[in-house]
Each structure stands twice: as structure tokens, then as C-alpha cells.
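Student: task: produce atomic coordinates for the following.
(chains A and B)
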Amino acid sequence: MESMSAPSSHLGATKTENPPLQVPWSERERATRLALAGELVAAVTHDLRQPLTAIEMNLSAALLFLSEAEPRTDRAIEALEDIFAQQRRMSEALQALDDLVVCREPRHERCDLTALAREAIALIRTDPSLRDAPIELTVGAQPAPSVSGDATLIRQALLNVLLHAIDASGGRPGEPIRGAITNFEDSVEAVVTYPKPVEQPASSTGPGLTLARAVIAAHGATIKIDESSESTVRVETRWPTYAG
Amino acid sequence: MQDDAPLVAVIDDDEPTCRAISRLLDAVGYRVRTYTNPRDYLDELDVAPPICVLVDILMPEVDGLALLREMRHAGSDVPAVFMTGTGHVPTVVEAMKEGALDLLSKPFTADSLCAAIARATDSSRRTHGERRDLVDLWRQVEKLTPREAEVAALVACGLLNKHVASRIGTKEKTVKVHRGRVMQKLQASSLAELVRMVDRLQLEQMPFVKLDGVEARRPRAADIITDVLARERSQSQKQA
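Tutor: The predicted structure is shown next:
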């Protein structure tokens, strides 16, 4: 547990002050991810409901087209082709869930951090209770270079940081949660700044942030939470650029 | 597809879902227009209004609830069937409060979709029929002079000709003439029918309605009739 009075903490795979994070992809980390499965299931369920609806409609339509006195086979074939497309869509949604829940070493591939941040925000918008959360994302004039890592896990880490910010700030009206992607020489910085809670201090722990920390550590990236400002909390993550 | 088949508007930001629903409704005999952006539907609100709209609740920019509010604000009372991909209870409650005729939870079956659309179609036809009757009544009432409108209201209140004459400060004979013209202009065959017409004007006091995309305004004579009825009711309450 981090001290709430500490103005900042800097955590990374190479740091020694937080030994549990040095264990790469441990069972402990997997358990943390499973604890978050409930949140994820809601998002994945939404992703499955759409293609399931489309498949049901297309199947029924195809049967009706084929049972007409003069069967409209061309329309039935269109419907069946769409069913294939929707089936693939469902498989991808399930694969995304599988990637997250199954214990495995993270991949190291070329990832666009800006795109992943946008996807994380879009995921938040699929939850009706969070869709109006005031999140503003600023990106630099130059496109951010690719970072090295596992896109599914990085997206999840960014999502968790944002959910933590929404949770901690309590959605104060007129005070947005600000995200920013900035380029550095050998890294890309993703920062989330949110209003400091008035009644109780922001918790810099919790299953969401713990998972984010674990993902960040496994990627050789760093996370720093700065609560020294009176009005805002700044969560800074730095990701190494893709070296090929 | 027949040109006179009922038109259904499907509004869902998920294009494959929109296309699949459109395909099914086409197969069962509806004409369909699809919109992946609710703004496009609002822009076409007055162009051949559909018999009902099938709207996804959760959409970016304008969600289903906001869309329905904007439709109602613009004077469109096309029945709405909502679709939802979440079981978010407050959203569902809000949808029903906003006047959703039905709510389908994704994934739904083809049968449940067709049943909901059929209910919405029936509701739309019933409303359209009632609206046509009201506009027909307004057209007849529009022919009345202000004095005839007053006489119509007083007669419908059950007053005898001589009492109507004293109320409006004229002779009984003149009232008889006005009364005859009222019955003729309104094509009322009996006092009971006149009372029903006046009751309808009293019940439905909206300033205008849209019928087949055309706005019809409530005539001044209808307002005179309801004003006289209100005055008479107030007087009789005081006497009681």
C-alpha cells in the first residue's frame, strides 16, 4: 500500500522499492486481472450483443427470402455472407477477452499509443453510466512514435487508469479528466490528470490501478502518480518506443 | 416491395445491425430507411414520415432518448420502439418515461421484433385515424362565425333557445336561425352528435397537428366554443 501523504511515487519494472511488481506475469497478477473480469464482461457482452442480433435477423431474413414463391436467392446469399462477417466479429471479441484473462507472457509488437488511448475512451463510452464522463484527450502535433508491447494489455492499462480517474474524481461537473500523449526521445508519455476529490483523498491503489501497474511493469514502462497539487492528481505513464 | 407498404425507419450506429434488421423487415413486407447517424433522420423528419421508428438507445453524439425528445419537440409523434444492448435499468426506465412503445433487449428474436413493429404500426394507424377525424372536425368548425360558435357551445351545454338568447343578448328567433346553421355547417344530425363534437374540441386543445406531413391549425371558432364552455361550467359551479 502506498503512503497517501507521499507527493509522488514512481514505479517500474526495474525499481526495487516495490518487490511484488518485479515478478513478471505472476499468478498474483493473473488473479488481479480476473478480479476485473466483471467490468470487462460488461464491455465484451455489448460487443457480442450486436453481432448476435444481426445474425438472428439475417438468418430469419434468409429463410424468408428462400421460402417465397419465387425465392430471392441473391438476397438470401447476402444475408448468409453477413452472418459469416458477424461470426468473425464475435470471435474477435472473444479473443480480446481471452487475451486478457488467460495467463501468458505479453507480446512485444508495434503499438500506436494514441489509438489505444482513443479505444480505451471509446470503451468507457459503451457503459451508459460512464458515457457522459468528461474526458478530453490532447495529442501532440507530430504523430506519436510506436511503442513496444501487447496492444490488448496496454489498452487495458490505459482504460484502468481512466476508470480510476473517473472513480476518484467523482465526475465533478465542469472539471474534465484530461488525457495527453506526448513524444519524448526514447519514450511516449501518456498522462491523465483529474480533479482531486474534495471530501476524501484519491486512492492510488485498488484493483484497477494494480493491474495497470503490473502491465506497465511487464512492459518496462513506468507509472508516476503525483498528488502534490492542491487541485489535481496527475498519473504519468511512460512507454518505451518500438525499436524493431 | 409494394410502394404503399408501411415505412419503418431504423436508427442504429452499428451498420451491420442496421442492415440486418432492414433485410428482415424487407422480407416481411415493410419498406425500410436506415440511418447510422440520428442527425440524418432528424434532417429528414418531414420527408415522408415513417409509420414507426426503431431506435438504438446507446449511440454516440445523439442517443436514442435525446433523438425521441427532439422528434417530439419538432411535433413528430411517430411511435418509437427502442433497442438496447445493455440492461442498464435507469436508461430503460427513462426510455419508457419518454414514451417508448416497446423496448427490445439485444439480442432479440425476429418474432419479437416483428411483434413490436406490428404493435407500433397499429398504434400509428389508430393515431393517424383519430388525427384525421380531428382535422375534419376543425375544417367544419372553421366555417362557423364567432356568434354561431357561441350558440353551438351554449346549445351543447343543454340550454334552451330562449336561455341561449338571453345569454348572448338576442332574440330566440335569431338563435333558432344560428342553431340551424350550426347543425348544417357541422353536418350534425342530432343534438347528441353536436355534443360529441363539442366534447372532442374540449378534450383535444392542441393548437395544431401534423397530418401526412402537413400542419393543420385549430380554428378560432374552436377556441370560442371551449371558452364559452369553460365560462358556463364556472357559472354553474358558482350557482351550485
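Student: where along the chain do the strands fall?
Tutor: In the absence of a named chain, chain A is used. Using DSSP state E, the strands assigned to chain A run over residues A:8-12, A:109-111, A:135-139, A:147-149, A:177-183, A:187-195, A:222-226, A:232-240.
Student: nope, chain B
Tutor: Using DSSP E, strands in chain B cover B:7-11, B:31-35, B:52-56, B:80-84, B:102-105, B:208-211, B:214-217.
Student: of those strands, which is nearest B:Lys176?
Tutor: Across the strands of chain B, the minimum distance to B:Lys176, taken as C-beta to C-beta, is reached by strand B:214-217, at 31.2 Å. Every C-beta, even on glycine, is put in place using the N, C-alpha and C of the backbone.
Student: by contact count, what packs against the closest one?
Tutor: helix B:110-141, strand B:208-211 (3 or more C-beta pairs under 8 Å, 6 or more residues apart in numbering or on different chains; DSSP states H and E).
Student: turn these into TSV, columns for distance to B:Met59 and mean pLDDT.
Tutor: Shown next, in TSV, are the helices and strands packed on strand B:214-217 (distance: least, C-beta to C-beta, whole Å; pLDDT from 0 to 100):
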stretch	distance to B:Met59	mean pLDDT
helix B:110-141	18	93
strand B:208-211	25	82
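Student: redo those as a markdown table? Include mean neighbour count and distance to A:Ala122.
Tutor: Shown next, in a markdown table, are the helices and strands packed on strand B:214-217 (neighbours: other C-beta atoms under 10 Å in any protein chain shown; distance: least, C-beta to C-beta, whole Å):
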| stretch | mean neighbour count | distance to A:Ala122 |
| --- | --- | --- |
| helix B:110-141 | 16 | 27 |
| strand B:208-211 | 16 | 38 |
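Student: how about those, which one is nearest A:Ile223?
Tutor: That would be helix B:110-141 among the helices and strands packed on strand B:214-217, by C-beta to C-beta, at 47.1 Å.
Student: the bottom helix or strand of chain A by mean pLDDT?
Tutor: Least confident helix or strand, chain A: strand A:8-12 with a mean of 36, by mean pLDDT, DSSP states H and E.
Student: picking up where we left off before, nearest to A:Glu56, out of the strands of chain B?
Tutor: strand B:102-105 (11.1 Å).
Student: now the closest one: average pLDDT?
Tutor: Averaging pLDDT along strand B:102-105 gives 91.
Student: buried set for stretch A:218-225?
Tutor: Buried positions in stretch A:218-225, judged by neighbour count with 16 or more other C-beta atoms under 10 Å in any protein chain shown: A:218-225.
Student: and what of stretch B:77-91?
Tutor: For stretch B:77-91, by 16+ other C-beta under 10 Å, it's B:77-86, B:88, B:91.
Student: that one: end-to-end distance?
Tutor: One end of stretch B:77-91 to the other measures 21 Å (C-alpha to C-alpha, to the nearest Å).
Student: before we move on, what about stretch B:203-221?
Tutor: End-to-end for stretch B:203-221, by C-alpha to C-alpha: 15 Å.
Student: run the chain-centre distance for that stretch.
Tutor: Mean C-alpha position of stretch B:203-221 versus that of the full chain (C-alpha atoms, centre = their mean, to the nearest Å) differs by 9 Å.
Student: what does chain A put close to chain B?
Tutor: When proximity is defined as C-beta under 8 Å from any C-beta of the partner chain, chain A approaches chain B at A:42, A:46, A:49-61, A:64-65, A:75, A:78-79, A:82, A:85-86, A:89, A:125-129, A:131.
Student: how's chain B carved up into domains?
Tutor: Following automatic domain parsing, chain B resolves into domains at B:7-127, B:142-239.
Student: out of those, deepest packed?
Tutor: Highest mean neighbour count of the domains of chain B: domain B:7-127, a mean of 19 (counted as mean count of other C-beta atoms under 10 Å in any protein chain shown).
Student: now do that one: distance to the chain's middle.
Tutor: Worked out by C-alpha atoms, centre = their mean, domain B:7-127 lies 18 Å from the chain centre.
Student: check whether that domain comes near chain A.
Tutor: Yes: residues of domain B:7-127 contacting chain A under C-beta under 8 Å from any C-beta: B:14, B:16-17, B:19-21, B:23-24, B:26-28, B:57-58, B:60, B:63, B:83, B:85-86, B:88, B:90-91, B:106-110, B:113.
Student: so which of these are in helices?
Tutor: B:16-17, B:19-21, B:23-24, B:26-27, B:90-91, B:110, B:113 (DSSP state H).
Student: closest one to A:Thr152 out of these, please.
Tutor: B:Pro16 (22.8 Å).
Student: which residue packs closest to that closest one, ignoring adjacent ones?
Tutor: Leaving aside its chain neighbours, B:Pro16 sits nearest to A:Ala54 (4.9 Å; criterion: C-beta to C-beta, 6 or more residues apart in numbering or on different chains).
Student: what does B:Met206 give?
Tutor: B:Arg218 (6.9 Å).
Student: tell me who's in contact with the one you found.
Tutor: B:138, B:205-208 (C-beta atoms under 8 Å, 6 or more residues apart in numbering or on different chains).
Student: which among the residues you listed gets closest to chain A?
Tutor: B:Met206 (33.2 Å; C-beta to the nearest C-beta).
Student: going along the chain, name the helices of chain A.
Tutor: With DSSP H as the criterion, chain A has helices spanning A:27-35, A:37-66, A:73-101, A:113-125, A:151-169, A:207-218.
Student: so which elements touch the longest one?
Tutor: What that stands for is helix A:37-66. Applying 3+ C-beta pairs under 8 Å, 6+ apart, one finds that helix A:37-66 contacts helix A:73-101, helix B:15-27, helix B:110-141.
Student: what angle separates the second one from strand B:52-56?
Tutor: Counting by axes from the mean of the first three to the mean of the last three C-alpha atoms, to 10 degrees, helix B:15-27 lies at 150 degrees to strand B:52-56.
Student: next: the first one.
Tutor: Helix A:73-101 and strand B:52-56 meet at an angle of 30 degrees, taking the same axes, to 10 degrees as the criterion.
Student: now do helix A:73-101, average pLDDT.
Tutor: Mean predicted confidence for helix A:73-101 is 86.
Student: which strands or helices does it pack on?
Tutor: Judged by 3+ C-beta pairs under 8 Å, 6+ apart, helix A:73-101 is in contact with helix A:27-35, helix A:37-66, helix A:151-169, helix B:15-27.
Student: confidence-wise, which of the ones you listed is weakest overall?
Tutor: Across these, helix A:27-35 has the smallest mean pLDDT, namely a mean of 54.
Student: could you report the pLDDT at the residue lying closest to B:Gln205 once chain neighbours are set aside?
Tutor: Spatial nearest neighbour of B:Gln205, excluding adjacent residues (C-beta to C-beta, 6+ apart): B:Thr226 at 6.3 Å. At B:Thr226, the predicted lDDT confidence score is 94.
Student: also A:Thr14?
Tutor: According to the model, A:Thr14 scores 37 on pLDDT.
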